[in-house]
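Participant: Predicted model follows, preceded by the sequence.
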Amino acid sequence: MPRLKVLPHAELCPQGAELEAPSGVSILDTLLANHIEIEHACEKSCACTTCHVIVRAGIESLDAAEEKEEDMLDKAWGLEANSRLGCQAKVRGTDLTIEIPRYTINYAKEAAHK
């Protein structure tokens, strides 16, 4: 089974983690199943960028992002060439290393705090 290595994130995963990642399951679902509570404000419908991750190794094993995901990624904080939405990127047969960006853009959450 492929492994998903999560680089340390100060709030969500301070020590980092190495997780079993079933093929065909999204990065987001793998994180959530392992109690790494990454935001997913749109409930996995590819309508926000709160589950944005940066794939540091293994990106070539992922299916290409569809146009809808690409359009959403354009709005993500800290966008990089190897950025993906965790809800859309499904693990395949290769190990992945990901970084969870320090910030997300969550319009619903920000509006609630105004």
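Facilitator: Received it, and whenever you're ready, just let me know what you need.

Participant: For E20, grab phi and psi.
Facilitator: Taking degrees, to the nearest 10, you get phi -70, psi 140 for the backbone angles of E20.

Participant: So for it, what's the pLDDT?
Facilitator: According to the per-residue confidence, E20 scores 95 in pLDDT.

Participant: Pull the contacting residues for it.
Facilitator: When contacts are counted by CB atoms under 8 Å, 6 or more residues apart in numbering, E20 is found next to M1, P2, R3, L4. In short, each C-beta sits where N, CA and C put it, glycine included.

Participant: Next, count neighbours for the residue lying closest to P22 once chain neighbours are set aside.
Facilitator: Excluding the flanking residues, the one nearest P22 by CB to CB, 6 or more residues apart in numbering is M1, at 6.3 Å. A count of neighbours around M1, defined by other CB atoms under 10 Å, yields 11.

Participant: wait, M1 sits on G24?
Facilitator: No. The pair formed by M1 and G24 falls short of the contact definition of CB atoms under 8 Å, at 11.2 Å.

Participant: Now the buried members of the contacts of E20.
Facilitator: Members of the contacts of E20 that pass the buried threshold by neighbour count (16 or more other CB atoms under 10 Å) are listed as P2, L4.

Participant: residue closest to the middle of the chain?
Facilitator: In the chain, the centroid-proximal residue (CA atoms, centre = their mean) is G86; its distance is 3.0 Å.

Participant: List the contacts of that residue.
Facilitator: Contact analysis of G86 by CB under 8 Å, 6+ apart lists S26, I27, L28, L31, I38, H40, C51, H52, V53, I98.

Participant: For D29, see how far away it is.
Facilitator: Taking CB to CB, to the nearest Å as the criterion, G86 is separated from D29 by 8 Å.

Participant: Next: A17.
Facilitator: Taken as CB to CB, the spacing of A17 relative to D29 amounts to 15 Å.

Participant: Find the nearest non-adjacent residue to V91, please.
Facilitator: What sits nearest to V91 in space, not counting adjacent residues and going by CB to CB, 6+ apart, is A21, at 4.3 Å.

Participant: And for the one you found, the neighbour number?
Facilitator: For A21, the number of neighbouring residues by other CB under 10 Å comes to 26.
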